[in-house]
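K.L.:
sharing a sequence plus its predicted fold:
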Amino acid sequence: MQNARENAAGRLEIIRNRIERARRRFGAPPDNVELVAVSKTFDAEAIRPFLDAGQRVFGENRVQEAKEKWPELRASYDGIQLHLIGPLQTNKAREAVALFDVIETVDRDKLAGVLKVEMDRAGRQLPVFVQVNIGLEEQKAGIAPAETPAFVARCRAEHGLDVVGLMCIPPEGDPPGPYFAHLASLARDAGVARLSMGMSSDFETAIAMGATDVRVGSALFGTRG
């Protein structure tokens, strides 16, 4: 167990140092870049060493998977902030609002409306990101780039959501920089401050384009089975 803690601490230090070097080198606007450790598919025992090493912000893709491991972890560690970074179906909205602290994947009016109802019911007003289908890929969720500013405005005015930023996943195999730059431009047009973009292979490029939140999984936890 001690070796696991030391390994987790070492990996966290490497990633945090790379984040800080990128932030300073590129002169990105944010004063801080949040590391969201993507723990999807890893069980509680694999996550504990990272909690022991001080990491508190984590990302999960599926409500059911998160429900199975995070209540126990929250009982043992203070200050955990859990981000939903995978697609959310409306019938899972109530559970998502109860379990997560940030929803990064709001991508349609129906979901926005249901989330607001469930937040009011639970007395929890969670910050949310709008997911943008930045590459207009048919297999990916997300609002079309051209529709993003208007959708953000509707989420705020009609649905009463606290939209704090935009999130995207660039097309696999394409240089990510232009997509990250496009998302940053959309964020300015929409009047939001946070940009959740960049993963293990490209988070430094994302920081160069103004990322405030980077979602890093394999560089911390290793290859998923």
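P.N.:
Perfect, I can see it now. Only a predicted model underlies this, so the values are computations on that prediction, with no experimental measurement involved. Numbering: from 1, shown residues only.
K.L.:
from here on, contacts and neighbour counts on C-alpha atoms
P.N.:
Will do.
K.L.:
buried residues in the longest helix along the chain?
P.N.:
In the chain, with assignment by DSSP state H, the single longest helix is helix 2-26. With burial defined by 16 or more other Cα atoms under 10 Å, the residues of helix 2-26 counted as buried are Ala4, Arg5, Asn7, Ala8, Ala9, Arg11, Leu12, Ile15, Ile19, Ala22, Arg23.
K.L.:
what's in contact with it?
P.N.:
By Cα atoms under 8 Å, 6 or more residues apart in numbering, the surrounding residues in contact with helix 2-26 are 33, 35, 49-50, 52-53, 55, 203-204, 207-208, 219-220.
K.L.:
go again using 7 Å as the cut-off
P.N.:
For helix 2-26, the surrounding residues in contact (Cα atoms under 7 Å, 6 or more residues apart in numbering) are Pro49, Phe50, Asp52, Ala53, Glu204, Ile207, Ala208, Leu220.
K.L.:
ditto for stretch 166-184
P.N.:
104, 129-135, 187, 194-197, 205-206, 209-210.
K.L.:
re earlier: filter the contacts of helix 2-26 down to the buried ones, PyMOL style.
P.N.:
With 16+ other Cα under 10 Å as the criterion, this PyMOL line picks the buried residues out of the contacts of helix 2-26:
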select buried, resi 49+50+53+204+207+208+220
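K.L.:
so which of the contacts of helix 2-26 sit within helices?
P.N.:
Pro49, Phe50, Asp52, Glu204, Ile207, Ala208, Leu220.
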